[in-house]
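Student: whatever this is, show me its structure:
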Amino acid sequence: MADVLRTIKQESVPASAWINDAKPVAASTDAMILVFQNEMHRGMIDDKFRTLTERAIASNNDHSYQIITLLNHQWEELKSNFRSNQSDEDQNSTQETEQAEVKEEEDRLITEAHKLVGEEFVHVIDDSPSNS
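Tutor: Now for the predicted structure:
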């Protein structure tokens, strides 16, 4: 980021003053999130110096990035929502895995009962909560 700041300062001293408040917090292959403490700084980079900033980032990296500007509280909310969704997905995945394992065990037991006494003597009653 220091090289990017240096490049911006060489091209525009006012832009470098506005970007000093920025903190890069996340990036993908084509986008970078910059977080600002101050709405005025965020707005100036977003409105007036976006092209310069993206060009400076591209000149100091292998490829270009689109910048996404957020305020700190927006970033914290986004992170919190993401973590909550990840936790929910992990929990759902664990429950689905456990249910599949129980079903597999039940099927194995039924098959074994059929082998031992014959299908005509085995009557399966499914009283699981999902079938009530």
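
Student: for the rest of this, base every contact and every neighbour count on C-alpha atoms.
Tutor: Fine.

Student: name the element Val25 belongs to?
Tutor: strand 23-27 (DSSP states H and E).

Student: and whichever helix or strand comes after that strand, what does it pack onto?
Tutor: Counting by DSSP H and E, the next helix or strand C-terminal to strand 23-27 is strand 31-36. With contacts taken as 3 or more Cα pairs under 8 Å, 6 or more residues apart in numbering; DSSP states H and E, strand 31-36 sits against strand 23-27, strand 66-71, helix 72-117.

Student: turn those into JSON lines, including distance to Ser59 and mean neighbour count.
Tutor: Output for those, formatted as JSON lines (distance: least, Cα to Cα, whole Å; neighbours: other Cα atoms under 10 Å):
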{"stretch": "strand 23-27", "distance to Ser59": "16", "mean neighbour count": "13"}
{"stretch": "strand 66-71", "distance to Ser59": "13", "mean neighbour count": "20"}
{"stretch": "helix 72-117", "distance to Ser59": "26", "mean neighbour count": "12"}
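
Student: let me know the angle separating the strand holding Val25 from strand 31-36.
Tutor: Taking axes from the mean of the first three to the mean of the last three Cα atoms, to 10 degrees, one finds strand 23-27 and strand 31-36 inclined to each other by 150 degrees.

Student: which residues touch strand 23-27?
Tutor: Met32, Ile33, Leu34, Val35, Phe36 (Cα atoms under 8 Å, 6 or more residues apart in numbering).

Student: from Val35, how far out is the residue lying closest to the third one once chain neighbours are set aside?
Tutor: Leaving aside its chain neighbours, Leu34 sits nearest to Pro24 (4.5 Å; criterion: Cα to Cα, 6 or more residues apart in numbering). According to Cα to Cα, to the nearest Å, Pro24 stands 6 Å off from Val35.
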